[in-house]
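Participant: the amino acid sequence is not available; the structure is as follows:
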């Protein structure tokens, strides 16, 4: 029996057993539902094997929303545990596991797929392309991410969750101090998802460099595409570092090397350094696409073109460069000396300059504009002051000597939530609402959406603003409880109340999706927001080939020029269109990766070897496969395009 | 399929050009991967604890043999791509075959080297230095191993389909990969072995 002991959960609790039952019932319900409604074929043909960037985008979106739920439940548990002093809702070990999975799920498995959902859907449309450069690899990226996420998510019911924080610092995460398989899950699942992300980075860089319509020069790209390009450049240069650091961590934990250990010459600080060499660029990977989304929204709803386009481009390039030069500010207090701290302090504060330029550009775009307070615009306007608080406290934390006061306190927790939630979550919700009609052909209810916005914005501030005070007062992060004498009780209770409001806001958002799916009008045309960029110049929902004819672009706002200045957008006649075939291989290969990861987590070497060979066999199969895609004939395109207003009103 | 006849075979199709650019970007990522490994190696190389140092275990003979084998293979794959541009299928396949044989010989010497290290008490788990040494060399060796299979598949495809834009594109991309492994080896030779022996 000892062999099977390691699959058991080291710290069982009723909540975990309840989750097990819930997971089991959900899986059975899904399997039964698919069989009962005879949807297996539909699921396989239309979704699991698809290589269409739009469908992959929607699958990323669904995965991101599921993970938002998982990470959100973790967050509520954390706030509930700290709501009152000396609480016993969670024990210390369980609390460690929950804050670890909350961080990993939110950053890697919620924010990342959310930005890739929008990038997948929008970038090819904004540059007038048929698809991404490598559609098959794009599907592989998604499925690798998805299987990595699933592997991470089964950890809490099979073998135990990781418990060393989302940064998983060694030696705490080493075999000596983390004896369960939890950290193995962390290392392997992020590795699998990270390979997917790296492939996406290569794919999108190639797509944006080579597949723009011929008339679109780099400086005529819409701002979201610019941010996508720079983001993916950061991905390509940062993710290999993560690959290596996870590999070295895996070597230490599974193969007994001494790279991050305290003995035999190992160096524990090496993990912190390498992790943040990836980790800091990672936060800009999350924030830059958000900046792109805000740029699109602010110019659409102010009815003005974006102020300072060139300085916007320069800012994101400078931010991407600086993002690689600041990593040591995450551990000013860990003894690297005054000189190194000073240098990293200066580079950190320097990032405020390009970011400030962007804030002023958005404000100046709104100046003298006719602002419409739609839901996406509300998120954008809410983002500016809230994010600025996050930025200012970031500069405070960036001062190395002052950081000795703030380090590892709730002040830091408040700071990064003040940047990530308005910076990423608000942007994703804004982008989701903004592009929803493009994805699904109907709009989300503005009225319910505004309720959701106010609940989320107010709930967020009530949750996190008190943490600035408790943090300055000395409340350490990641402590599962505190005594009543510290006086942290009332503000933590306020935080918990805020978290409930925030959660209610998300529930309203989910209700909005349900409500709008049932009741929203479908005849809204292809341009409901009166928008400016190319993705609105095709039908909603978008037909499989995106554009029947190659658009002609003269500025960053080709569609606006077309509408207001009568510039012709589509010239020439319709020709047959080449499309890639669907393939089940990305899904199959990623499923094998899941088993591969699981085998490594539990050091089961025979299945590990078999799956490794199977993965290479999949690659060999791809090498020998003959797949030239297919053509959509002209008649079919003309039939699809018959009702398209874009085609008929080009004489306007 | 549109062909641009002003370009070499491997660049003729749109997808071919995309593949080549995409692969260059992938090599950029690989540069970062090996750069991270090298940085870690430089930091940990002096940290030998009670285990041996580099100067005690490195031997010049096998390393020189490995270097000569891999550098020659980079030259022969260059000849292979040249033959491909001239449209000489058999010459191209021969040069690619020689390249893979040299790669296989390299791998054999490297496996010998690894077993030698383990035998003299410099195995993976001895110290931070031996751990990162074997991880860095092993990552390069794994790349070579993958390359051997990949190259073999390409030879088989050229044999079956001849030199088409598609097979030429694959062969060219494989040559980029192989040259890259050679570049990495030059760094390993200079900064791991030669520096370690000094």
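Facilitator: Nice, I can see it. Keep in mind that this is a model prediction, so the values were computed, not measured.
Participant: make it CA atoms for all contacts and neighbour counts henceforth
Facilitator: OK.
Participant: ok, the closest residue to residue A:418 other than its chain neighbours - contacts?
Facilitator: Once flanking residues are discounted, residue A:418 sits nearest to residue A:390: 4.6 Å by CA to CA, 6 or more residues apart in numbering or on different chains. Contacts for residue A:390 (CA atoms under 8 Å, 6 or more residues apart in numbering or on different chains) come out as A:415-419.
Participant: show residues contacting stretch A:273-293.
Facilitator: Here stretch A:273-293 has contacts from A:111-112, A:115, A:167, A:223-228, A:230-232, A:234-235, A:238-239, A:241-242, A:245, A:316, A:319-320, A:323-324, A:326-328, A:330, A:420, A:423-424, A:427-428, A:430-431, using CA under 8 Å, 6+ apart.
Participant: what subset of the residues you listed is also close to chain B?
Facilitator: Among the contacts of stretch A:273-293, the ones lying near chain B by CA under 8 Å from any CA of the partner chain are A:238-239, A:241.
Participant: so where do the helices sit in chain B?
Facilitator: Taking DSSP state H, the helices of chain B run over residues B:14-44, B:54-57, B:60-85, B:89-119, B:128-161, B:165-187, B:195-197.
Participant: which of the residues in the longest one are buried?
Facilitator: Which is helix B:128-161. Across helix B:128-161, burial judged by 16 or more other CA atoms under 10 Å in any protein chain shown covers B:128-137, B:139-141, B:144-145, B:147-148, B:150-151, B:153-155, B:157-158.
Participant: try the last one
Facilitator: Applying a neighbour-count criterion of 16+ other CA under 10 Å, the buried positions in helix B:195-197 are residue B:196.
Participant: name the helices or strands packed onto it?
Facilitator: Secondary structure elements in contact with helix B:195-197, counted by 3 or more CA pairs under 8 Å, 6 or more residues apart in numbering or on different chains; DSSP states H and E, are helix B:54-57.
Participant: now check the helix it packs on, is it near chain A?
Facilitator: No. If you take CA under 8 Å from any CA as the test, helix B:54-57 misses chain A, and the best it gets is 14.0 Å.
Participant: what residues are up against the residue nearest to residue B:133 when sequence neighbours are not counted?
Facilitator: In this structure, residue B:133 finds its nearest non-sequential neighbour in residue B:41, 6.7 Å apart by CA to CA, 6+ apart. Taking CA under 8 Å, 6+ apart, we find residue B:41 in contact with B:129, B:132-133, B:136.
Participant: hang on, the earlier thing: buried ones among the contacts of residue A:390?
Facilitator: Among the contacts of residue A:390, those classed as buried by 16+ other CA under 10 Å are A:415-419.
Participant: just those now: which is nearest residue A:33?
Facilitator: For the buried ones among the contacts of residue A:390, the residue nearest residue A:33 by CA to CA is residue A:417; the value is 38.5 Å.
Participant: verify the stated contact: the closest one with residue A:464.
Facilitator: Yes. Counting by CA atoms under 8 Å, residue A:464 is a contact partner of residue A:417 at 7.3 Å.
Participant: pLDDT below threshold where in the chain?
Facilitator: Answering for chain A, as no chain was given. Where chain A drops to pLDDT under 70, the residues are A:1-2, A:643-652.
Participant: ah, no, chain B please
Facilitator: Where chain B drops to pLDDT under 70, the residues are B:1-2.
Participant: how about the residues of it by chain A?
Facilitator: Listed as neighbours of chain A in chain B under the rule CA under 8 Å from any CA: B:15, B:18, B:21-22, B:25-26, B:28-30, B:32-33, B:36-37, B:40, B:44, B:47-50, B:124-129, B:131-132, B:150, B:153, B:157.
Participant: got a ChimeraX select line for the buried ones in those residues?
Facilitator: To isolate the buried members of the residues of chain B next to chain A in ChimeraX, using 16+ other CA under 10 Å:
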select /B:15,18,21,22,25,26,28,29,30,32,33,36,37,40,44,47,48,124,125,126,127,128,129,131,132,150,153,157
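Participant: could you list the residues of chain A in contact with chain B?
Facilitator: For chain A, the residues found near chain B under the criterion CA under 8 Å from any CA are A:133, A:202-203, A:205-206, A:210, A:236-241, A:243-244, A:255-259, A:264-267, A:270, A:620, A:623-624.
Participant: please indicate which of those residues are buried?
Facilitator: Buried members of the residues of chain A next to chain B, scored by 16+ other CA under 10 Å, are A:133, A:202-203, A:205-206, A:210, A:236-241, A:243-244, A:256-259, A:264-267, A:270.
Participant: the residues you listed in helices, which ones?
Facilitator: Within these, residues falling in helices by DSSP H are A:202-203, A:205-206, A:210, A:236-241, A:243-244, A:270.
Participant: what about the strands in chain A?
Facilitator: Ranges of strands within chain A are A:577-579, A:630-632, based on DSSP state E.
Participant: give me whichever of the ones you listed is most buried.
Facilitator: strand A:577-579 (a mean of 16; mean count of other CA atoms under 10 Å in any protein chain shown).
Participant: which helices and strands sit right next to that strand?
Facilitator: strand A:630-632.
Participant: neighbouring strands of the strand it packs on in the sheet, and parallel or not?
Facilitator: Strand A:630-632 pairs in its sheet with strand A:577-579 (antiparallel), by DSSP bridges.
Participant: for the partner strand, which outside residues touch it?
Facilitator: Contacts of strand A:577-579 (CA under 8 Å, 6+ apart): A:130, A:545, A:629-634.
Participant: biggest separation within these, which pair?
Facilitator: The largest separation in those, counting by CA to CA, is between A:629 and A:634 at 16.2 Å.
Participant: who has more neighbours out of these two?
Facilitator: Neighbour count, other CA atoms under 10 Å in any protein chain shown: between residue A:629 and residue A:634, residue A:634 has more, with 15 against 10.
Participant: next up, the contacts around that one.
Facilitator: Contact analysis of residue A:634 by CA under 8 Å, 6+ apart lists A:574-577.
Participant: select only the buried ones of those in ChimeraX?
Facilitator: Selecting only the buried entries of those in ChimeraX, with 16+ other CA under 10 Å as the criterion:
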select /A:574,577
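Participant: save the contacts of residue A:634 as CSV, and put in distance to residue A:521 too.
Facilitator: Compiled in CSV, the contacts of residue A:634 are given as follows (distance: CA to CA, whole Å):
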residue, distance to residue A:521
A:574, 31
A:575, 33
A:576, 33
A:577, 32
